[in-house]
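Colleague: Sequence and predicted structure below; questions after.
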Amino acid sequence: MEYQLLPMIGSPKELESLSEDQLTQLAAEIREALCEIVSDRPAHFASNLGVVELCLALHLTFDFSKDRLIWDTGHQIYPHKLITGRYPQFNTIRRKGGLMGYPNPEESEYDLFMTGHAGASVSTVLGLKAGDDLLTPEDNRKAVAVLGDGALPSGVVFEAFNNAAELNKDLLVILNDNEMGICPRVGGLANYLDKARVAPFYNGLKKDVSWLLNKVPMIGESAAEKVGQFKDAVKSFLHGGMLFEEMGFRYVGPVDGHDLRALRKAMEMVKEVKGPVLLHVFTEKGHGFKPASENPVKFHTPAPFCRDSEVGVVFQKKGSSPAYTDLVSDSLHTMMEKDKRVCVLTAAMCQGNKLDQIREDYPDRFFDTGICEGHAVAFAGGMAKAGMRPVVDIYSTFLQRSFDHIFQEVALQNLPVTFCLDRAGLCGPDGPTHHGVFDVSYMRVFPNISVMAPGDSLDIAPMLDFTMEHNGPASIRYPKTGAETVERTLAPIEYGKSEVLRWGEDGTFVAFGALFPACVAAADRLAKDGLDIGVVNARFLRPLDTEVIFKAIQETNFVITVEENTLCGGFGSTVLEAANDAGLNTSTIKRLGIPDEFIEHGERGELLADLGLDVAGLMATAHQMNSKHGSRNSDSIVA
Ligand SMILES: Cc1ncc(C[n+]2csc(CCOP(=O)(O)OP(=O)(O)O)c2C)c(N)n1
Ligand SMILES: CC(=O)[C@@H](O)[C@H](O)COP(=O)(O)O
Ligand SMILES: [Mg+2]
């Protein structure tokens, strides 16, 4: 398709001069731009296709150069980027150095918060409104949050609703109801929203529902057909809006989210309403691209594909080694087969955690809590207390939401809950909102938790089995990547024991987690340079294998700790602290990991290389450490 309008839209102001037909064409061009992007990289797709008209209506109704707009989660921000001056860079999205796949205030004044986690939009927009009312009341800035139906059940959303009603701020929450999270939505609220679907679209007749209800005694006077209309209106109110009205919001809707004219009309109306308002909008995830609307789960973040006129789409082939995620879910499946106490919890990430087979085969022991990570952990605490062996399978970055529940409902009670921290490490194109580089630090602060990381594919199943026998909480972290295998005679997983792959005379790599194979490869190559470097697969951070690690510190010239976690309070810090407490010389210890800064988006391999965590980087550090601390004749070493 040739883009005629999109390149002309340098800012949302330019939308105003477009006719309705031109706006329809612009919507088509935006959808085409979305299709082009996913032809060569994984990117958020179906959610973006679904909000095109909603995005246009918002920018046509409000002036977000001064008004406030937060897209909840932020993964549906692409149309907004395209019409806020970023069309020329759009083909760089999710590439290193290019546009982020989420809102980014450094890119545009139209992006207020860098977000990626669901549920905080109503709170932040309420805060913006409260701040604006105090500082610049004369500007009368409007405040809008676009909240997905998947994000709606997050506890923080209800904390914000509660507070907004109390503050009675002029706040517009647009509920973008597409009947989906990444997976089909779950829970009581999902059922509630399903019922709202029976209501007719909002058409202005029930402009004021309370007015309508006040008319109840007059029903008898109405013509028969009016009664039907009234019933519809009440049904809509009861089903779609009652909950929100009871919480102190004015409910308006539902509105067809692909009818631009209806959307604009509804927005113009609610724009001037005083107090908090919820505008309920029905959209279709994947709208405008049939394969995506027919299979929104697959097309949430699809693998790159080509469009094909006969079969619809042809996906590009994936890499061959099985991902850590697959190996973990296979192991969990086996464990559930063997042990009836094992149950698995996910917080709305069944697809990402590859738990579909478990959901199908063990529906009684599979729990999807929705985007409610805090609840999931406390719930797991309850199940463990009842005698079950719950496995909480949540991405490292999202589990941050549960910090207090990990402390109180699990660690403090010393309950046998196993945390599977998927996407632990650099998450690639999702970037700083999603990199799982803090969990080692936040898990290690709580007593009782065994903190573990598999070094490669072979460690996964025995490590998970270990947690089922262990009487206490345990966490296991692994990244979003294919799991490599280090060929060896596997040492069994023993509580607090590392695995020594080999000792070296010159120095030692001590790897915590999936960079173990890279350490092995670096040591192999360093041998060709004349350096004899040992490699330890640490496996445990708590308890730390001080016997082996202290031996490395005392008997080899230097130790390099390697991890894919922040260096602040991570594995290397743990080693340093233990060595210092034991009175050892710590000056020969070098920590490699994620520095104390937020890491941008890019391919995991690119980011690891930038941080000196690839094989070349590990070798370079070993050479530096050897120059500084090596005792052998440096002439024999090829740097
Ligand atoms: C705290 C948190 N948990 C999980 C996720 C992963 N996640 C991203 S989008 C999404 C579904 C959101 O559904 P919805 O809000 O309805 O948006 P839609 O994709 O339907 O547009 C989930 C679970 C997240 N981003 N943040
Ligand atoms: C928006 C969001 O948080 C998810 O869509 C996330 O991008 C999923 O990550 P994976 O693609 O690694 O499952
Ligand atoms: Mg949704």
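Modeller: That came through fine. Predicted model only: the values in this text are computed from it and were never measured. Ligands and ions are numbered 1, 2, ... in the order given.
Colleague: Please make it C-alpha for all contacts and neighbour counts, starting now.
Modeller: Will do.
Colleague: Where does H280 sit, in terms of helix or strand?
Modeller: Following DSSP states H and E, one finds H280 within strand 276-282.
Colleague: What is that strand packed up against?
Modeller: Where contact means 3 or more C-alpha pairs under 8 Å, 6 or more residues apart in numbering; DSSP states H and E, strand 276-282 is packed against strand 171-177, strand 250-256.
Colleague: Among the ones you listed, which comes closest to K274?
Modeller: The closest of the helices and strands packed on strand 276-282 to K274 is strand 171-177. By C-alpha to C-alpha, the value is 8.1 Å.
Colleague: ok so, going back, quick one: the strand holding H280 to strand 250-256, angle?
Modeller: Using axes from the mean of the first three to the mean of the last three C-alpha atoms, to 10 degrees, the direction of strand 276-282 lies 20 degrees away from that of strand 250-256.
Colleague: which stretch among the helices and strands packed on strand 276-282 comes nearest L5?
Modeller: strand 250-256 (24.3 Å).
Colleague: next structured bit after the longest strand that the chain contains?
Modeller: Ranked by number of residues, the top strand in the chain under DSSP state E is strand 558-566. Counting by DSSP H and E, the next helix or strand C-terminal to strand 558-566 is helix 571-581.
Colleague: Give me the buried positions along that next one.
Modeller: By neighbour count on 16 or more other C-alpha atoms under 10 Å, the buried set for helix 571-581 is 571-576, 578-579.
Colleague: Then stretch 601-612?
Modeller: For stretch 601-612, burial by neighbour count (16+ other C-alpha under 10 Å) applies to 601-604, 607-608, 611-612.
Colleague: Over to stretch 323-335?
Modeller: Buried residues in stretch 323-335, counted by 16+ other C-alpha under 10 Å: 323-333, 335.
Colleague: any idea which of these is closest to ligand 3?
Modeller: Ranked by distance to ligand 3 (C-alpha to the ion), the buried residues of stretch 323-335 are led by T325 at 24.0 Å.
Colleague: Contacts only, for that closest one.
Modeller: 353-354, 422, 478, 480 (C-alpha atoms under 8 Å, 6 or more residues apart in numbering).
Colleague: Could you list which of those belong to strands?
Modeller: Counting by DSSP E, these contribute D422 to strands.
Colleague: Identify the farthest-apart pair in the contacts of T325.
Modeller: K354 and Y478 (14.1 Å).
Colleague: Please look at D40 and P304 and confirm they touch.
Modeller: Yes. Counting by C-alpha atoms under 8 Å, D40 does reach P304; the two are 4.9 Å apart.
Colleague: More neighbours: which of these two?
Modeller: Using other C-alpha atoms under 10 Å as the criterion, D40 and P304 rank with P304 on top: 20 against 14.
Colleague: circling back: could you give the separation of the strand holding H280 from the chain centroid?
Modeller: 25 Å (C-alpha atoms, centre = their mean, to the nearest Å).
Colleague: Can you report how many residues neighbour the closest residue to ligand 2 within the chain?
Modeller: Closest to ligand 2 within the chain is G352: 4.3 Å, counting by C-alpha to the nearest ligand atom. Residues contacting G352 under the criterion other C-alpha under 10 Å number 19.
Colleague: Likewise for L99?
Modeller: L99 sits with 20 neighbouring residues when counted by other C-alpha under 10 Å.
Colleague: cool, E487 as well?
Modeller: 9.
Colleague: Nearest spatial neighbour of R31, chain-adjacent residues omitted?
Modeller: Excluding the flanking residues, the one nearest R31 by C-alpha to C-alpha, 6 or more residues apart in numbering is L49, at 6.1 Å.
Colleague: And that neighbour, how close does it get to K480?
Modeller: Per C-alpha to C-alpha, to the nearest Å, L49 is found 26 Å from K480.
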